[in-house]
Every structure is written in C-alpha cells, then in structure tokens.
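Trainee: With the input below, show me the fold.
(chains A and B)
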Amino acid sequence: MDSTTESVKKEAAGSGNNNSESKDENKKDDQMFECNICLDTARDAVVSMCGHLFCWPCLHQWLETRPNRQVCPVCKAAISKDKVVPLYGRGSTKQEDPREKVPPRPAGQRTEPEPGTSFPGFGFGDNGFHMSFGIGAFPLGFFTSTLNFGDSRPSAAPRGTQQHMEEQFLSKIFLWLAIIFIAWLMMA
Amino acid sequence: MANIAAQRIKREFKEVIKSEEVAKCAIKVELLNDSYTELKGEIAGPPDTPYEGGNFVLEIKVPETYPFNPPKVRFITKIWHPNISSVTGAICLDILKDQWAAAMTLRTVLLSLQALLSAAEPDDPQDAVVARQYKENLEMFQLTARHWTNVYAGGPHVNSDCDEKIKRLVDMGIEDHQARAALSSYNWDLERATEQLFS
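Mentor: Now for the predicted structure:
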C-alpha cells in the first residue's frame, strides 16, 4: 500500500519536468476513477444505478455490513447487488486477490438485438401481402349491372310496337326511381 | 482489513490538510499515533453562534472496520450544547450512528459537527438538561453556551456575573467545573445550585 505511492513519488521525482507534468495529468485522470470507499483507483470496478463508482470488493463489504439498509455510500440512494453495472476496461487484467473472498462481481447483462428484422413496412408483393380498397357507388352499380342501361342491352324491340311503348315507359319509371333515390341519398 | 482503514485514513488525512477549510482555520486534524487509529480533530465555533471564537478539540477513534463503520468521535473540550453531553462529550449525530455512509470522510464528519454547532436538534437530545434549557429559555442557553466557550474553548466573551457566582461556590469549597455545571443546570440561580450541591 505504502510502496505504491512511494514508487509513484520516486518516479515523479526522478523524471524530468515534462514527465512530471504529464504525471500530474495522469494523477488527475486516476482521481476521476477512484473508488468512493477505499479512495484508491477502482479495482473490479462497478457502478451503481445512481452513477457512483466503487471497487466491487469494497461495495460488497459495504452491503454486507448493513444488509437491511442498502444505500449508496455517496448519495444514499437505494442500491442492491443485482443493480450494479460492472465496468470492463480494455486493458483490465485479472488480478486475483486471495484476501478477498467475495463472490464474483455480477456479470454485465447483455440482451441480443431483435432477430433479423427491419420493419416490413409497406413492401407490397414481398411477402405476398395484398390489400385492396375500393369505393363503389352501390345503387348506381346496382342499376347499371341489373338493369343494363347502356348499349349492351338485348335486342331492342322495333319502334312502334306495343313492346317498345312498354319498354319506354318502364325505363322512364326506373329512371325517375333512380333520380328520386339519388335525391334521397343526398338529403340523408 | 485493518489495512484498508489505515490506508484510507492516510489518504483522507492528506485531503484534509489540503482542503480550503484548513486554510481558513475552520477545521484541523492531527495524528496521535503511527497506526492511524487515533486522531485529534479541531473545529472552530461557527460565526453568529454562542460558540463563535472558540476552538473545540475532538477525539477521533478509527475502528478496524472503517470506513464501513463510522469513526468514534467525542468532544474533549467541554461544551454546552443540546446534542453533546456536557459531562462526557458524547455526540448525538445520526451520521456517526446509523446514517453513516462509507463515502464520508474525516473532513465531512468535522464539517457536519461544525454544522451541528450552528443548528442544534433539541428534540433529539444527548444532554436532556441542556436541551430543556434550550427549549424553555433560549437566552439563558445562549448565555451559558457563550460562557462555556469562553472558559473552555478560548472564546472572547467574558461574563463577569457568571464568574462571580462560580467564585462564591468555589469559596465554599466546590470544585470550579462542578460549580459551573450546577449553576448552568439551574439557570444561574445561585440558591438552587447551592442547594443541589450540598444536598
């Protein structure tokens, strides 16, 4: 414990001015990552949901000390073992310390991304999905299809005959009926 | 594990020495032994309180389980305060008991104690006699606290009336501090204090 700080001092003293300046900077950087309990650079670092950094052995011991009052040592927010996030730095090496017989630091929780899939969107045809939408003017369609206004009627009766007169009359009645019906639709 | 306690105190000690409160003479920490288990703290009485101008010495004992358990702190300097025993110097402060948190340091503890001096909690007393006086006769409490600060902590306010009454009891063969404590407890009523001392 003592030896580490001593060696840092010696190095700082032994090196030139430039170096010692950069050492100071390093020191500042290190301070940002100090465990809030042992005040040393955090080892097996974990971070609480409230954002405070600890060594896992330190935090574990704190939680063990007060099992029924588990609060963050810094801000007293409620914390628990399952709700800390381990920090995995790139250069971290596994240093086993036989003194600390604490359970291993909880693992990070990692969820797989959703399997394969962008939102299908409206790619008609891709998935055999079809959709149609129509607007039909029902009564007119009804009249046209059933009563066959237009050219394609079956052979018209020759002019002047009884049948011709009746057909003319009928078609007029239906025309009026249609007009009245449309008018009624408009009013409704 | 005692290791972590000593190492942490060492770091905190450096932190306190460098802190601006030390520069302002508001707090002070001294080591009493090499093992970092016993320290002497000192806080200045906060301004605009009866403790203004006084210097209060504290005994700090660091347990082996520090920082997971709070340091044991008591006042060495005698003080008249509802949350501090006028007899033993024991302190009633939540952060030194169940509200302790491992991230607190010597510096924050000393600053909290200083804050306690400016904001007493008479409803959670350590010294019931002082607390009752504080609630029933605030002026009398302030006078007494100021007098104690003057006598024990080097405060500037001399109260000749108090000194006079104490002298009369001392002349009757009562020890100085005993006389002061009795008079303080009885709102500086000489008759009642005498009665209590000789009963």
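
Trainee: correct me, but residue B:181 touches residue B:86?
Mentor: Yes - in terms of CB atoms under 8 Å, residue B:181 counts as a neighbour of residue B:86; the distance is 6.5 Å. (C-beta placed from N, C-alpha, C; glycine too.)

Trainee: What segments of chain B are helices?
Mentor: Using DSSP state H, the helices of chain B run over residues B:2-18, B:20-23, B:106-118, B:128-136, B:138-152, B:160-171, B:176-185, B:190-198.

Trainee: So which bits of the last one are buried?
Mentor: Of the residues in helix B:190-198, those buried by neighbour count under the rule 16 or more other CB atoms under 10 Å in any protein chain shown are B:190, B:193, B:194, B:197.

Trainee: who in chain A is up against chain B?
Mentor: With CB under 8 Å from any CB of the partner chain as the criterion, chain A comes near chain B at residues A:1, A:36-40, A:52, A:58, A:61-62, A:65, A:69, A:71-74, A:76.

Trainee: Separate out the buried members of the residues you listed.
Mentor: Applying a neighbour-count criterion of 16+ other CB under 10 Å, the buried members of the residues of chain A next to chain B are A:36-40, A:52, A:58, A:61-62, A:71-74.

Trainee: which one of these is nearest residue B:132?
Mentor: Set against residue B:132, the nearest of those by CB to CB is residue A:71 (33.9 Å).

Trainee: Does that closest one touch residue A:63 like I think?
Mentor: No - no contact is recorded between residue A:71 and residue A:63 when judged using CB under 8 Å, the distance being 9.5 Å.

Trainee: Whichever residue of chain A sits closest to chain B and residue A:163, how far apart?
Mentor: As assessed by CB to the nearest CB, chain B sits closest to residue A:73 within chain A, at 3.7 Å. Using CB to CB, to the nearest Å, we find residue A:73 at a distance of 106 Å from residue A:163.

Trainee: and residue A:14, what pLDDT?
Mentor: At residue A:14 the predicted local distance difference test score is 42.

Trainee: Next, count neighbours for residue B:63.
Mentor: Using other CB atoms under 10 Å in any protein chain shown, residue B:63 has 14 neighbouring residues.

Trainee: Residue B:117 touches residue B:47, doesn't it?
Mentor: No - with contact defined as CB under 8 Å, residue B:117 and residue B:47 do not form a contacting pair (10.6 Å).

Trainee: Those two - which one has more neighbours?
Mentor: Taking residue B:117 and residue B:47 together and counting by other CB under 10 Å, residue B:117 has the greater number of neighbours (23 against 9).

Trainee: Torsion angles phi and psi at the nearest residue to the more buried one once chain neighbours are set aside?
Mentor: For residue B:117, ignoring the flanking residues on the chain, the nearest one in space by CB to CB, 6 or more residues apart in numbering or on different chains is residue B:51 at 5.1 Å. Recorded main-chain torsions at residue B:51 are phi -90, psi 0, according to degrees, to the nearest 10.

Trainee: could the helices of chain B go into JSON lines alongside mean pLDDT and distance to residue B:30?
Mentor: Output for those, formatted as JSON lines (pLDDT from 0 to 100; distance: least, CB to CB, whole Å):
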{"stretch": "helix B:2-18", "mean pLDDT": "85", "distance to residue B:30": "9"}
{"stretch": "helix B:20-23", "mean pLDDT": "76", "distance to residue B:30": "11"}
{"stretch": "helix B:106-118", "mean pLDDT": "94", "distance to residue B:30": "11"}
{"stretch": "helix B:128-136", "mean pLDDT": "96", "distance to residue B:30": "28"}
{"stretch": "helix B:138-152", "mean pLDDT": "96", "distance to residue B:30": "19"}
{"stretch": "helix B:160-171", "mean pLDDT": "94", "distance to residue B:30": "31"}
{"stretch": "helix B:176-185", "mean pLDDT": "95", "distance to residue B:30": "25"}
{"stretch": "helix B:190-198", "mean pLDDT": "92", "distance to residue B:30": "37"}
